[in-house]
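Here is a sequence with its predicted model. Questions after.
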Amino acid sequence: MEIEIGFLGLGIMGKAMSLNLLRHGFKVTVWNRTLSKCEELVEHGASIGETPAAVVKKCKYTIAMLSNPSAALSVVFEKDGVLEQICEGKGYIDMSTVGADTSSKISEAIAEKGGQFLEAPVSGSKKPAEDGQLVILAAGEKVLYEKAIPAFGVMGKKSFYLGQVGNGAKMKLVVNMVMGSMMNAFSEGLVLADSSGLSQQTLLDVLELGAIANPMFKMKGPTMIKNSYPPAFPLKHQQKDMRLALALGDENAVSMPIAAAANEVFKKARSLGFGDQDFSAVHEAVKATNPST
Ligand SMILES: NC(=O)C1=CN([C@@H]2O[C@H](COP(=O)(O)OP(=O)(O)OC[C@H]3O[C@@H](n4cnc5c(N)ncnc54)[C@H](OP(=O)(O)O)[C@@H]3O)[C@@H](O)[C@H]2O)C=CC1
Ligand SMILES: O=CCCC(=O)O
C-alpha cells in the first residue's frame, strides 16, 4: 500500500502494529478514543485524525484494533464513526478479536455504503506485534486482502485468507479457546507442583524438554512462578475470547466442558481484580481456590 493507512485503536497491539507500519515507510493517520495516546505515534511520523470518520475520509484503507465487540461496533456505527465516510473505493480492515456476528454486522453496513471489508484478527501477542511476527487470519473481500498484503507483510510473519466473513473470527476464537484452556492446565500444574513439595522451576525445565513444550509455557512460566503478570494479553480480553468461543460452541452444539471450566477460572480472576493483568494471572485464581499454596 503506497497510500495513507488509517489506524483506529492504539492499545497494546494497535500501538505496536502502527509503529511497525511507520517504521517500514507507510504513511499512517491514527485515532484513539483517548486521544493523548496518539502523541507517541506522532513522534514517529504519524498524523492524527480527530474521529474515526475523519481518518476514513483521509485514508483509502483503515485498520482497526479495538478491545471487544462493543468497541468495534461503536467505532463503526456511532456518531463520527467509520460509516459516515466509508464509500466506494475505500476499505476497512478490522483486526480486533470479535465474534462472527459482530464482523458480519460491520461487513454488511460497509457493503451497503459501497466500501470493502476484511476481518483480520491476529494470533501472537505484544512481542510478536512489536517484531512484525503476527499470524493474520483474514476473511472477507479477497480484493481488499490482496491490497492489504504489503501492510500484513510488515505486521505479520504469515497471513491466511480464510474465505467468507466470519471464518477469520471463528479461527481466532478456536485458537484462543485452546490457549485459555492450556493456560489453566499450566497454572494448575504449577500449583500442584508447589503444593506437593516440588520446585516449580524444575517443572518448567521438565516441561521444556518434553512433548508438551511450547512457546507460551516458556515465555510465561518464569514470571508466573514469581507471581508477576505484566500485561501483554490482558486477562479481560482472554475471558472475552473464552465467552465468544463458548457461544460459538453453543451455536454449533459442540460440548466443551474443559473450555467452560477454564472460562469460570478466568471469570474468577477478573472478579479478584486481575482483568488488566496478563492472562497468565489466571494462576492467581487457581491459587485462590487452593489457599494452602
Ligand atoms: N494483547 C494481545 O496479546 C492480543 C490482543 N488481541 C486482540 O486485539 C484487540 C486489542 O487488544 P489490546 O491492544 O491488547 O487491547 P488494549 O486493551 O490494550 O487496547 C484496547 C483498545 O481499544 C480501545 N477501546 C476500548 N473501548 C473502546 C470504545 N468503546 N470505543 C473506542 N475505542 C475503544 C482502547 O482505547 P483507549 O485507549 O481509549 O482505552 C484501546 O485503543 C482485542 O480484541 C484483543 O482481544 C489479539 C491478539 C493478541
Ligand atoms: O489474542 C491473543 C493471543 C495471544 C497470543 O497468541 O499469544
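Received, thanks. Ligands and ions are numbered 1, 2, ... in the order given.

in stretch 150-163, what counts as buried?
Along stretch 150-163, the positions that meet the burial threshold by neighbour count (16 or more other C-beta atoms under 10 Å) are 151-152, 154-156, 159-162. The C-beta positions use only the backbone N, C-alpha and C, and glycine is treated the same way.

Report how many residues lie close to the residue in the stretch 151-293 of the chain that ligand 1 sits nearest to.
Taking C-beta to the nearest ligand atom as the measure, the point where the stretch 151-293 of the chain comes nearest ligand 1 is Phe233, at 3.2 Å. Close neighbours of Phe233, defined as other C-beta atoms under 10 Å, add up to 20.

That one contacts Val282, correct?
No: at 11.3 Å, Phe233 does not count as touching Val282 under the criterion of C-beta atoms under 8 Å.

Mark which of the buried residues of stretch 150-163 are part of helices, please.
In helices, judged by DSSP state H, the following of the buried residues of stretch 150-163 are found: 151-152, 154-155.

before we move on, the earlier item: measure the residue of the stretch 151-293 of the chain closest to ligand 1 to Glu50 for me?
Using C-beta to C-beta, to the nearest Å, Phe233 is found at 30 Å from Glu50.

swap in Lys267?
37 Å.

more neighbours, those two?
Taking neighbours as other C-beta under 10 Å, Lys267 and Glu50 compare with Lys267 leading, 16 against 11.

ok, and what's touching the helix or strand harbouring that one?
With secondary structure defined by DSSP states H and E, Lys267 is part of helix 257-271. Helix 257-271 is contacted from outside by 177, 180-181, 183-184, 187, 235-236, 238-239, 242-243, 245-246, 249, 275, 279, 281-282, 284-286, 288-289, using C-beta atoms under 8 Å, 6 or more residues apart in numbering.

redo that, cut-off 6 Å
The set of residues that contact helix 257-271 without belonging to it, under C-beta atoms under 6 Å, 6 or more residues apart in numbering, is 177, 180-181, 184, 235, 238-239, 242, 281-282, 285.

again with stretch 77-85
If you take C-beta under 6 Å, 6+ apart as the criterion, stretch 77-85 is touched by 51-53, 56-57, 75-76, 92, 109.

re earlier: between which two of the ones in helices among the buried residues of stretch 150-163 is the distance greatest?
For these, with distances taken as C-beta to C-beta, the pair at the greatest spread is Phe152 and Val154 (7.4 Å).

With ligand 2 as the reference, measure out to the spatially closest residue to Gln277 that is not a sequence neighbour.
Excluding its sequence neighbours, the residue lying closest to Gln277 (C-beta to C-beta, 6 or more residues apart in numbering) is Tyr229, at 4.1 Å. Separation of Tyr229 from ligand 2 (C-beta to the nearest ligand atom, to the nearest Å): 14 Å.

Then Lys157?
Lys157 is 12 Å from ligand 2, where distance means C-beta to the nearest ligand atom.

how about the residues of the stretch 101-250 of the chain near ligand 2?
Where proximity means C-beta under 6 Å from any ligand atom, the interface of the stretch 101-250 of the chain facing ligand 2 comprises 123-125, 176, 233.

For the closest residue to ligand 1 within the chain, grab the count of nearby residues.
When distances are taken as C-beta to the nearest ligand atom, the chain approaches ligand 1 most closely through Gly11, which lies 1.8 Å from it. The number of residues packed near Gly11 is 19, by other C-beta under 10 Å.
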